[in-house]
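> okay, here's the prediction I keep looking at, along with the sequence it came from:
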Amino acid sequence: MGNEIVVTEQLAAEHGLTAEEYARVRGILGRDPTFTELGIFSVQWSEHCSYKSSRIHLKRLPTGGPQVVEGPGENAGVVDIGEGLCAVFKIESHNHPSFVEPFQGAATGVGGILRDIFTMGARPIAVLDSLRFGPVTAAPGVAPDVVARNRRILDGVIRGISFYGNCFGVPTVGGEIEFEPCYSRNPLVNVLALGVARRDGLFLAKARGENNPVVYVGARTGRDGIHGASLLASAEFDERSAEKRPNVQVADPFMEKLLLEACLEAMASGAVVAIQDMGAAGLTCSTSEMASRGGTGIEIDLARVPRRESGMTPYEIMLSESQERMLLVAERGRQGELMDVFRKWGLEAVEIGKVTADGQMRVLEAGRVTAEIPAHPLCEEGPAYARPIAAPAPKPAPLADFALEGKPLTEGLERVLASPSIASKRWVWEQYDYTVRTNTVLGPGRADAAVMRVKETGRGLALSTDGNGRWCRLDPYLGAMHAVAESARNVAASGARPLAATNCLNFGNPEKPEVMWQFSRAIDGVAAACRALGTPITGGNVSFYNETLGEPIDPTPVIGILGLLDDVSTALGMRFRAEGDVVVLLDAAAPDAASVPREILAREFSSTEYAKTARGVVAGLPPAIDLAAEKRLVDLLVQLASERLVVSAHDLSAGGLAVTLAESAFGASGLAPVVELAGDAPAESALFGERGARAVVSVEPARLARLQAAAAKYGVQAHELGRVAREGFRIAYNDREIVRAPVARLEEIWSGSLERALVLPLPAAG
Amino acid sequence: MKFGVVVFPGSNCDHDAHHAAGAVLGQSVEYVWHQSENLDGLDAVILPGGFSYGDYLRTGAIARFSPVLRAVERFARRGGLVLGVCNGFQILLEAGLLPGAMLRNRGLRFVCRDVWIRVESADTAFTCAARPGQVLRVPIAHSDGNYVAEPETLRELDRSGRILFRYVTPDGRADDAGNPNGSMANIAGILNEGRNVLGMMPHPERAVETLMGSADGLVIFRSMAESLVRQAQRMTA
């Protein structure tokens, strides 16, 4: 097959293929691969594209349900949202590129997931970002130059997301940002996109119909992003990470916007048989996967592929990850109609090949065969590993004590509110256009979940992303269950019934047995919680090798849950609404859970945001979780909203009851809670403990009895804590006032702290 | 009455403008492709927000050369109502249909938030249904909304009552605290000499339903429809 570089086992090893994998390649081909074929196998069988370390574990996730239209395996998950419409959604990571080149890395992360959505025929209507960075404020054990770099990474990532989403015209409406030292050299950028499509207008990536033309559309192919999937996303970082900058792709959101409009218009013509975007592994992935899924073959001629520069080899063209490109299969004889649509939008569209019946992915270079690989084995018979698993040795650490018993806790609350992970992210989300397309009913900071309306039906879609790396480090099984439960709680607090989930699994090097143990335990946790809460996993991605210089990140499964409101006007915000309303704590845990032994309380307390922020302790275990209780609370919250029984709802999570009460008061024009708590637990645990299955609602006094009746029906305790007033923020515990502050002061600390942190001068290095 | 919404490659508020004028206001609306030079049958034209042609060079700098802009210029000269929102405003500035220019926002970052703007005159086709001094809550979403002009131009705009909207605090004060982007004289929207072309950075089309947080922007579309009806009545009278 021509005079290319001769492929040896050594060269295969340099491409990341093990000796066994290379042997398997030779087995599939029945000969030595060409250089181009080696490149194709190396990206298609990379961790990023083949899920070779995760596949056997992912099978344990629940993926089915009557609401699920398409589960994992397509470009995105699809669920039915009634009246002939579907929600199409998925979360994906772009972690490594965002460390090497934060602006372009984050921007192309947004672009990639948006293409996954509109590839299926859905118009994107919302984006959420789940981000993790190293500390951006001076912290013990963190060098000033590291803090400075973390700030630069954060700034680049935010600007990248803003640049891409704003220009494309999709509102960025929510997400989360947390800060831990483990993310200093490995930030996480997980982007979730949601779209809406007609159920009868969905498009799948299955190449069908012999001799149907294969059409390339969008940006030209350049040398950018070659081996992005295999070298960047499937290996750890070291000191030379900056040298990988050329592996990061460059973003062009305007081109993507044109692609969106042109593809939706082309799809509406009825002349599109199948379509897939060119993301990771570019032409390689899109051709082989469309053929494999369709049970067909595809033949393309690279001489027809539009290129940015001359002299590109077949290897480079097949592996390029240039952005904003699509590959589609047209109905034979109707490609002219499609060409007209793309021409109208000023896009280059070229017929580069055809669907064949022989199951081969055949790549020609001006008529000469440069690669010929059976598509199905390439995509489906790649390696799958049951990698060794070993629980790490426990690292006992001293627990936090309840030192402030009987003392005021106002200062502790202020410190938690100022912590960058808890503080308002307004400075960030004001850089995102969150109102474009006029569907944002409850945008960033307004509710526990972002709530979008569906214009066609008057229904609503709620979305929340959640993850807690600190808890997953202490116990990946419990931590993962909490991530799912919190996401479901958030969605339900906004009034929506949780429908389905997507997950982004961020972990270290899977070749380390301890990392694989974390992964496996986290999968079990996600699976158990998704089963209990009735939210099947419909898609997502796995991001391994999140480590630098041998130090893995905290295991960070991020869960995105989608919920449905039958009537979007019943959506609930988190803010108190009126003076005199009653503040009620809903607690779905069994009544005897209130008298937890003190040593267990201390263990759970030591893993809280408060223990970390106010005491510098990260130890113990996440709180025990009762999934049945979580489900009862979720069901109750959904009913309260749909019957308009409460006026605000906010779940308890990081920062505990005190932070939930404070956030319910912020933005509420001076309204604040005056509440009295009672119990056996130490005050710090009562205020800042993070046990789940709880939420704070406010209710008009006249409706309190109905609220209590509804709560009783679901087996949820409804504790009347106090009322909404204009007397400052006040919490008494066992008849002693332990927090008292003007709400404006607390709000100022919470709302300005992140911005102040990012502009504060750093102490001189040295 | 018939509204036209121009679609440039990269327009991303075209659907929103269509929704506001059509589904919400109840007028008939059609899209106008950027290569069209034909605005026949339209009573008002909206240049929507977005990133026309990508706006990689300078906002609105390429759109001004599009065929549809030639038609919009003729339409405006004949007295047709033209509303440019956000990128539409930037295009009108580049095209010379309105005076002045845009700089990066004072904070050098994209800003998306609700702002308050004060109706400086209710004696226009865009505000006849509003009260003078009325404060409207509408969102902004832009990087380049920091309006600048020669001192002489500013004086002339002010003197001739062509500063139609100013950024203000929620209680209506046009001071620095109410100014989200550094615009001179807190300018949020201006008229041409003929008072039939309005450019504004805030997005009234995003504030036409209480469900979305504010319906204050609707008064601008209602004013346009009402003044067009009156104009039509005068012509038939």
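Looks like it arrived, so ask away.

> how about A:Ala590, what does it touch?
A:626, A:629 (Cβ atoms under 8 Å, 6 or more residues apart in numbering or on different chains). (Each C-beta comes from the backbone N, C-alpha and C, glycine too.)

> now do 6 Å
Residues counted as contacts of A:Ala590 (Cβ atoms under 6 Å, 6 or more residues apart in numbering or on different chains): none.

> and A:Tyr432, how far from A:Glu261?
21 Å (Cβ to Cβ, to the nearest Å).

> try A:Val618
Distance from A:Val618 to A:Glu261, by Cβ to Cβ: 48 Å.

> A:Gly27: how many residues sit nearby?
10 (other Cβ atoms under 10 Å in any protein chain shown).

> ah, wrong one, I meant B:Gly79
Residues contacting B:Gly79 under the criterion other Cβ under 10 Å number 12.

> helix or strand for it, which one?
Under DSSP states H and E, no helix or strand contains B:Gly79.

> skip the chain neighbours and tell me the closest residue to it.
B:Asn196 (5.4 Å; Cβ to Cβ, 6 or more residues apart in numbering or on different chains).

> over to A:Tyr51?
A:Tyr51 sits nearest to A:Val542 (Cβ to Cβ, 6+ apart), 5.9 Å away.

> around chain B, pick out the residues from chain A.
By Cβ under 6 Å from any Cβ of the partner chain, the part of chain A that sits against chain B consists of A:162, A:166-167, A:169, A:254, A:257-258, A:346, A:430-431, A:433-435, A:438.

> out of these, who has the most neighbours?
Of the residues of chain A next to chain B, with other Cβ under 10 Å as the count, A:Asp433 tops at 31 neighbours.

> name the helix or strand for A:Ala403, please.
Using DSSP H and E, no element contains A:Ala403; it sits outside every helix and strand.

> SS state for A:Thr538?
strand (DSSP: H, G, I helix; E, B strand; the rest coil).

> tell me how many other residues crowd it.
32.

> do I have it right that it meets A:Val69?
No: counting by Cβ atoms under 6 Å, A:Thr538 sits too far from A:Val69 to count as a contact (8.7 Å).

> circling back: more neighbours, A:Val618 and A:Glu261?
A direct count of neighbours by other Cβ under 10 Å for A:Val618 and A:Glu261 places A:Glu261 higher, at 23 against 19.

> quick check: that one is in a strand.
No: checked against three-state DSSP, A:Glu261 lies outside a strand; its state is helix.

> picking up where we left off before, can I get the residues of chain A next to chain B in a markdown table including distance to B:Asn179 and pLDDT?
Converted to a markdown table, the residues of chain A next to chain B look like this (distance: Cβ to Cβ, whole Å; pLDDT from 0 to 100):
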| residue | distance to B:Asn179 | pLDDT |
| --- | --- | --- |
| A:Ser162 | 21 | 98 |
| A:Asn166 | 21 | 98 |
| A:Cys167 | 25 | 98 |
| A:Gly169 | 26 | 98 |
| A:Phe254 | 30 | 97 |
| A:Lys257 | 30 | 97 |
| A:Leu258 | 35 | 97 |
| A:Gly346 | 38 | 95 |
| A:Glu430 | 15 | 97 |
| A:Gln431 | 18 | 97 |
| A:Asp433 | 20 | 98 |
| A:Tyr434 | 21 | 98 |
| A:Thr435 | 20 | 98 |
| A:Thr438 | 25 | 98 |
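
> quick check: the farthest pair among those residues?
Distance extremes for these: the farthest pair is A:Gly346 and A:Glu430 at 32.3 Å, using Cβ to Cβ.

> what's the closest non-adjacent residue to A:Thr287?
Closest to A:Thr287 by Cβ to Cβ, 6+ apart is A:Ile298, at 4.8 Å.

> what's the answer for A:Met290, then?
Closest to A:Met290 by Cβ to Cβ, 6+ apart is A:Ala207, at 4.0 Å.

> quick one: the one you found from A:Arg577, how far?
Remark: distance between A:Ala207 and A:Arg577 (Cβ to Cβ) = 54 Å.

> then stretch B:45-61 to PDB, C-alphas only?
Taking Å, rounded to 0.1, in the frame of the first residue of the first chain, the C-alpha atoms of stretch B:45-61 are listed here in PDB:
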ATOM      1  CA  VAL B  45     -37.200  46.300  10.600                       C
ATOM      2  CA  ILE B  46     -35.300  44.800  13.500                       C
ATOM      3  CA  LEU B  47     -31.600  44.300  13.400                       C
ATOM      4  CA  PRO B  48     -31.200  41.600  16.100                       C
ATOM      5  CA  GLY B  49     -28.300  40.800  18.400                       C
ATOM      6  CA  GLY B  50     -25.600  38.300  17.900                       C
ATOM      7  CA  PHE B  51     -22.200  38.100  16.300                       C
ATOM      8  CA  SER B  52     -22.800  39.000  12.700                       C
ATOM      9  CA  TYR B  53     -20.300  37.300  10.500                       C
ATOM     10  CA  GLY B  54     -18.500  36.200  13.700                       C
ATOM     11  CA  ASP B  55     -17.600  39.800  14.600                       C
ATOM     12  CA  TYR B  56     -14.000  38.700  14.800                       C
ATOM     13  CA  LEU B  57     -12.800  42.000  13.300                       C
ATOM     14  CA  ARG B  58     -14.900  44.700  15.100                       C
ATOM     15  CA  THR B  59     -18.500  44.400  16.000                       C
ATOM     16  CA  GLY B  60     -20.800  45.200  13.100                       C
ATOM     17  CA  ALA B  61     -17.800  46.100  10.800                       C
END
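
> model confidence over it, on average?
Stretch B:45-61 carries an average pLDDT of 95.

> which of the residues in the helix or strand of chain B with the lowest mean pLDDT are buried?
In chain B, no helix or strand scores lower on mean pLDDT, DSSP states H and E than helix B:218-236, which sits at a mean of 94. The neighbour-count check on helix B:218-236 (16 or more other Cβ atoms under 10 Å in any protein chain shown) flags B:218-225, B:227-228 as buried.
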